[in-house]
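Visitor: Fold the following, please.
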Amino acid sequence: MDRTNPCWLFGYGSLIFRPAIPFVERRPARVRGWTRRFWQWSTDHRGEPWRPGRVVTLARAPEDVCWGMAYRLDETAAETILADLDIRERGGYVRMEIELELDGERTMGLTYQAWPGNRNYAGPAPLTEIAAQVEKATGPSGTNADYVRDLHATLSALDVEDPHVAALAGELDAATAPSRR
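Guide: Below is the predicted model of the structure:
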């Protein structure tokens with residue numbers, strides 16, 4: 001594994017479909033031993049303190065693989081970009097080093113992960129409960145339902161199957177579909 005590669009940033013949530021950062025290169029990537037889950041409250045982007053939304057974080061899952069997008073940052077701007085991301089991800093996320101796979105090659109990169117116990121950690125819940133929370137939440141970055149749908153659409157466009165994201169998107173679609181009589 002090469003630890004001297006340029007700075008790679010791994011996105012698995014909104015960084016996939018709305019990176020809003022400058023980057024030199026963007027490539028599909030995966031991390032082994034992790035899964036994507038809607039276990040983090042959003043009180044600053046896709047919800048508000050009195051009605052938080054649910055956004056994804058990485059959860060340990062030894063047999064799983066989480067696909068996302070890796071962004072190679074300009075080495076001269078990386079420090080500034082990461083400082084800006086520290087602010088964007090301030091709602092309980094911490095920056096951590098993670099092993100990435102890019103086109104079969106392994107390298108180290110950075111990502112943001114919300115550890116259990118942070119002030120906005122929501123944890124596991126039944127899918128119907130998560131969907132009900134998502135359906136009602138809106139914040140400065142838009143509706144929580146749009147976040148779920150955008151993530152699902154982007155993963156689908158990348159031919160990535162994520163059962164948790166797909167199930168939640170399906171639950172939201174079923175809740176908003178006109179009833180058949």
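Visitor: From Thr143, how far out is the nearest residue to Arg90 once chain neighbours are set aside?
Guide: Nearest-residue entry for Arg90: Asp44, 7.2 Å, with adjacent residues in sequence omitted and distances by CB to CB, 6 or more residues apart in numbering. Every residue, glycine included, has its C-beta placed from N, CA and C. Going from Asp44 to Thr143 by CB to CB, to the nearest Å gives 14 Å.
Visitor: For stretch 52-62, buried residues please.
Guide: Buried positions in stretch 52-62, judged by neighbour count with 16 or more other CB atoms under 10 Å: Pro52, Gly53, Arg54, Val55, Val56, Thr57, Leu58, Ala59.
Visitor: ok now do the fifth one, which residues does it touch?
Guide: What that stands for is Val56. For Val56, the contact set (CB atoms under 8 Å, 6 or more residues apart in numbering) comprises Tyr12, Gly13, Arg36, Arg37, Phe38, Trp39, Gln40, Leu151, Val165.
Visitor: Next, it: secondary structure please.
Guide: strand (DSSP: H, G, I helix; E, B strand; the rest coil).
Visitor: Not counting sequence-adjacent ones, nearest residue to it?
Guide: Closest to Val56 by CB to CB, 6+ apart is Gly13, at 4.3 Å.
Visitor: Go ahead and confirm that neighbour touches Arg36.
Guide: Yes. Using CB atoms under 8 Å, Gly13 makes contact with Arg36 at a distance of 7.3 Å.
Visitor: what touches both of the two?
Guide: Contacts common to Gly13 and Arg36, judged by CB under 8 Å, 6+ apart, are Val56, Thr57.
Visitor: Tell me which stretches of the chain form helices.
Guide: 14-17, 78-88, 127-136, 144-157, 163-176 (DSSP state H).
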